[in-house]
Every structure is written in C-alpha cells, then in structure tokens.
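Peer 1: when you get a sec, could you give me coordinates for this:
(one chain, ligands or ions: 1)
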Amino acid sequence: MAISFYKYQGTGNDFVMVDNRKLNFPAEDEELVKHLCDRRKGIGADGLILLQDHPDYDFEMVYYNADGRVGSMCGNGARCTVRFARQLGVIEDVACFLAADGEHQASVERDLIQLKMNDVKSIEQIGPDYYLNTGSPHYVRFVDNAEQLDVYGEGRAVRYNERFSEVGTNVNFVQRLSENEIFVRTYERGVEDETLSCGTGVTACALVAKINGMQSPIKVKVLGGELEVAFEQQEDSSFKQIYLIGPAKLVFTGTISS
Ligand SMILES: N[C@@H](CCC[C@H](N)C(=O)O)C(=O)O
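Peer 2: Model prediction:
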C-alpha cells in the first residue's frame with residue numbers, strides 16, 4: 001500500500017500527517033503507525049495525525065503517539081493540523097475542530113498558529129511538584145538548571161512511578177528564566193523519550209508558573225524554539241481562555257509503501 005503523507009513540525013515536535021478525508025487509513029494497525037514514525041526505518045516523527053471530515057466541525061484531528069497507540073490531545077500536533085488544513089484549503093484563517101479532548105478554536109496569523117486549549121479546572125500539588133491535565137496528563141517539576149538535567153532518566157522515574165502506572169504521564173521540567181519567561185524540557189509518554197517541544201506540556205508549565213507568581217502571557221523556551229501561553233485565572237483558581245501560540249511548518253511531503 002502506498003501512503004501519501006505530509007511531514008510537519010511545531011517547535012521541533014514533528015508529525016506525519018495524512019489527509020484522511022477520502023481515505024480509510026488503517027490506524028488501528030499499531031505496527032504501521034509505529035513503522036511510519038520510526039526514525040530509522042520509516043519517515044520519523046513523534047506522532048501521526050489524521051485530518052478527517054466531521055459533520056459538525058471544519059475537520060477532526062485524530063492523534064497517535066509514535067508507539068502506535070491512539071493518543072490524547074496534542075497541542076503542537078493541533079497547531080500543525082491547523083496549518084495543514086489551511087494548506088489543503090479546508091479552512092481559511094480560522095478553524096473550529098474536534099480533537100480527543102473536544103472542541104478547539106484556532107487562528108492562523110502569518111507564521112503563528114493560535115490555539116485555544118480547554119479550560120483547566122484543577123491542579124494537584126504532589127510535594128513540591130504538580131499534576132494537571134491540559135488535554136493530556138502532565139507532571140510538572142521546577143528545577144534550577146534544566147539544561148544540565150537528565151530528562152530521560154528523571155522523566156522515566158516519574159513516568160513509571162506506580163502512581164501513574166495505569167495511564168502514565170508526560171513529565172516536564174521547568175526553569176524560571178525571568179519575570180515572564182520559562183524554559184521547559186519534556187519527557188513524552190508514547191514517544192518514551194524527550195521531545196524538542198510538547199504543547200500541552202508547555203501549557204501545563206505556564207499555568208503552574210502562574211501559581212508560582214508569574215503572570216500571563218508567559219514566554220516559553222523549548223529545545224525546538226519558542227512558544228507563548230496566554231490565559232485567565234478565575235476566582236475559583238481554575239484557568240480559562242488558555243491560548244497556545246507558536247509556529248507550525250510543513251517540512252516535506254512524500255509517499256511511502258508500507
Ligand atoms: N506532543 C504533544 C503531547 C502528545 C501527547 C503525549 N505524548 C501523551 O501521550 O500524553 C503536545 O504537543 O501536546
């Protein structure tokens with residue numbers, strides 16, 4: 001079977017994208033998805049995304065992690081899907097689409113994609129660390145020197161902690177750089193390694209930064225570039241009007257036989 005694909009990246013978080021509007025991509029085949037995401041034997045990506053029709057939305061985004069399993073929300077993947085939808089002519093500069101965690105709005109502003117994330121009602125504190133869901137589950141730990149950190153080793157220690165054993169978690173390490181800027185490194189569930197950026201992770205870190213005295217909007221440096229997170233915190237401490245803003249780019253297109 002020949003599969004036509006598009007490769008996109010958002011701050012270095014990269015995805016194989018398939019226009020599934022007129023296809024019936026066999027995504028239940030975990031080995032196929034894993035193969036396409038394999039960096040040596042396949043195309044290479046942190047995940048695979050199907051863009052498909054939906055009767056009530058501009059499109060639906062279906063996300064799979066690089067391990068072949070269907071994933072939860074992917075913030076960078078969603079920004080790339082919006083760019084992809086625009087390239088295909090599915091949308092113009094605004095979109096209302098469905099993802100794993102429900103409805104999202106987005107807009108295209110030149111190089112940047114502004115993505116509205118779902119509200120976050122609560123943040124759990126676990127010792128000095130935090131745990132919250134921004135569409136995907138995220139553990140957040142503040143550190144003094146994220147650059148020197150063993151993200152793989154320390155990330156796996158949390159990822160495979162029995163507390164998270166059923167669903168697992170992504171693990172983020174955050175360093176405060178200035179009054180309105182943080183640096184984030186993330187160990188991603190489903191990739192089972194550090195990625196260059198994680199959109200839902202960056203969002204989680206910005207909300208936790210607010211709890212620790214920082215104000216919206218928060219600039220976020222990641223290994224693959226820069227993002228911004230804007231939000232409002234309500235009196236009941238929940239977060240609304242959360243926006244993840246950053247670039248999303250087409251890298252190349254191709255055809256691969258499975
Ligand atoms: N890279 C993503 C997060 C993808 C989901 C994650 N791998 C999981 O399984 O929770 C992002 O940009 O949000």
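Peer 1: pLDDT below threshold where in the stretch 51-200 of the chain?
Peer 2: Applying pLDDT under 70 to the stretch 51-200 of the chain picks out no residues at all.
Peer 1: break down it into its helices, ranges please.
Peer 2: According to DSSP state H, counting those that start in this stretch, the stretch 51-200 of the chain carries its helices in the segments 75-88, 151-159, 199-211.
Peer 1: possible to save these as JSON lines with mean neighbour count and distance to H35?
Peer 2: Glycine gets a C-beta too; all of them are placed from N, C-alpha and C. JSON lines is the format used below for those (neighbours: other Cβ atoms under 10 Å; distance: least, Cβ to Cβ, whole Å):
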{"stretch": "helix 75-88", "mean neighbour count": "26", "distance to H35": "19"}
{"stretch": "helix 151-159", "mean neighbour count": "16", "distance to H35": "23"}
{"stretch": "helix 199-211", "mean neighbour count": "27", "distance to H35": "25"}
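Peer 1: okay, those in CSV with distance to the ligand next?
Peer 2: Below are the helices of the stretch 51-200 of the chain laid out as CSV (distance: least, Cβ to the nearest ligand atom, whole Å):
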stretch, distance to the ligand
helix 75-88, 3
helix 151-159, 10
helix 199-211, 3
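Peer 1: turn these into TSV, including distance to I126.
Peer 2: Formatted as TSV, these follow (distance: least, Cβ to Cβ, whole Å):
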stretch	distance to I126
helix 75-88	22
helix 151-159	10
helix 199-211	12
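Peer 1: ok, which of those helices comes nearest N180?
Peer 2: Of all the helices of the stretch 51-200 of the chain, helix 199-211 sits nearest to N180, with 9.1 Å by Cβ to Cβ.
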